[in-house]
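1. Sharing a model prediction with you, sequence too.
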Amino acid sequence: MSTTEPRLLWRDITVFDGLDTLPEPMAVIVAEGRITTLVPMREFDDALAEGCQEMAQGAVMTPGLVDCHTHLVFGGSRADEFERRLEGASYEEIAQGGGGILSTVRATREASENALLEAAVPRLKALIDDGVTTLEIKSGYGLTVADELKMLRVARRLGEAFPVRVVTTLLGAHALPPEFEGDSDGYIDLVCNEMIPAAADEGLADAVDVFCETIAFSVAQCERVFQAARVHGLPIKAHAEQLSNLGGSAMAARYGALSADHIEYLDDAGVAALRDAGSTAVLLPGAFHTLRETQLPPIAALREAGVPIALATDANPGSSPLFFPTLMLNLACALFRLTPREALAGMTAHGARALGLQDLGRLREGAPADLCLWDVENPAALAYAVQPGRLRQRIFNGQLQREITHEH
Ligand SMILES: N=CN[C@@H](CCC(=O)O)C(=O)O
Ligand SMILES: [Zn+2]
């Protein structure tokens, strides 16, 4: 008896391949974790179906979604802060008063590794149930060596426990912890000389990130962090130009950043720097929406320069408590005027690129079989409606993870 797994076959499928919707109905075959066949139905030969398990006919297939920017692991809640903002306090004022990120830092430090894991599970399940097969998880709410490593360990454990690829990012330079008040350079010393080496030694970080902003760290301080990351061979990325234009994205681009994220205040020089470095622009409409920002990211300039645009949830307790990736497709179109095609590419091919994982986020022969089958009329409909329950099948690494039958 053969132990090889059956090949999986979908017929008559509308395929969004990570960059575009293919012009005609397709057949897709998956075997041993990879897409082995992607052919137009008119070229499909029944001999190809031999030994295949029929999975579905019709419907829309996309690559598994890639959420390239999340802060999924954290302690506590910031619902009270949401109310304070509604009463008129700004995100910056709350941060300067010791709330905001620092309030999550307090709760995260107090939480055990297991408690953080348990709290993150429902958030991760929400992403998985909406089609995510790869996500990035940042640290940044520990701000001591031990607490940052604790967060990264939780992120790794989530990746081991669930059918999802987790990429971890050390975000030690997220906020100045209270014990370093008045000595932000001293804290950057800790990040560079202890945190990054420890995370690298334990293999806990796949990349290093910073928050380059007036309420966080200066361009010069972030540059020091990137130099330390480089010594340890870790790729870098930046939260930059979210609330003001400091030039953090252009500096990050000089260090070959995988991505610059938020970038509402990015100027033309910043756009050119991202283009020249081949960096990806990551848009986070959830934070834009939650903080009721008014400055739009420079979409037209990014398009014109050909900078790849990715899209992510930014799932976090403060600026984007939104754990619903397909909502981001809608917000990116409604708020930023992305086309549905651009939005979907942002959560597939370009999201993967923002993580340096160019083989993911694409539906093409030879690619890893991380796939979603959606009950929608066409790919654009995923961005049009905000509607849970449209994911019929989720394939992770060639394995069916989820089958929903709609019985009435
Ligand atoms: N901008 C900085 N960091 C997070 C916010 C985290 C928080 O408010 O807890 C972000 O990506 O939006
Ligand atoms: Zn972030």
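-> That came through fine. Ligands and ions are numbered 1, 2, ... in the order given.

2. Tell me which residues touch the closest residue to ligand 1 within the chain, please.
-> Nearest residue of the chain to ligand 1 (Cβ to the nearest ligand atom) works out as residue 318 at 2.6 Å. In short, each C-beta sits where N, CA and C put it, glycine included. By Cβ atoms under 8 Å, 6 or more residues apart in numbering, the contact set of residue 318 is 78, 81, 91, 100-101, 104.

3. how about a cut-off of 6 Å?
-> With contact set as Cβ atoms under 6 Å, 6 or more residues apart in numbering, residue 318 has these partners: 78, 100.

4. pLDDT score assigned to it?
-> If you check residue 318, the pLDDT there is 95.

5. Residue 148 falls within a strand, correct?
-> No - counting by DSSP: H, G, I helix; E, B strand; the rest coil, one finds residue 148 to be helix, located in no strand.

6. any idea whether residue 296 is helix, strand or coil?
-> Quick answer, by three-state DSSP: residue 296 is coil.

7. separation between it and residue 341?
-> Distance, residue 296 to residue 341, by Cβ to Cβ, to the nearest Å: 19 Å.

8. now do residue 112
-> 44 Å.

9. How about residue 276?
-> 25 Å.

10. between the two, which one's more packed in?
-> residue 341 (16 against 13; other Cβ atoms under 10 Å).

11. Provide the secondary structure category for the more buried one.
-> Residue 341 ends up helix, using three-state DSSP.

12. Can you report how many residues neighbour the nearest residue to it once chain neighbours are set aside?
-> Leaving aside its chain neighbours, residue 341 sits nearest to residue 20 (6.4 Å; criterion: Cβ to Cβ, 6 or more residues apart in numbering). By the criterion of other Cβ under 10 Å, residue 20 has 13 neighbours.

13. for the one 4 residues further on, same thing?
-> When neighbours are defined as other Cβ under 10 Å, residue 24 has 10 of them.

14. Could you do the one 3 residues further on as well?
-> Neighbour count of residue 27, defined by other Cβ under 10 Å: 23.

15. Please apply the same query to residue 198.
-> Neighbour tally, residue 198, other Cβ under 10 Å: 18.

16. in what helix or strand does it lie?
-> For residue 198, the host element (DSSP states H and E) is helix 196-201.

17. Following that helix in sequence, what is the next regular element?
-> That would be, after helix 196-201 and using DSSP H and E, strand 207-212.

18. At the contact with ligand 1, which residues of this protein appear?
-> Within the chain, the positions adjacent to ligand 1 are 71, 100-101, 104, 211, 239, 242, 287, 314, 316-320 by Cβ under 6 Å from any ligand atom.
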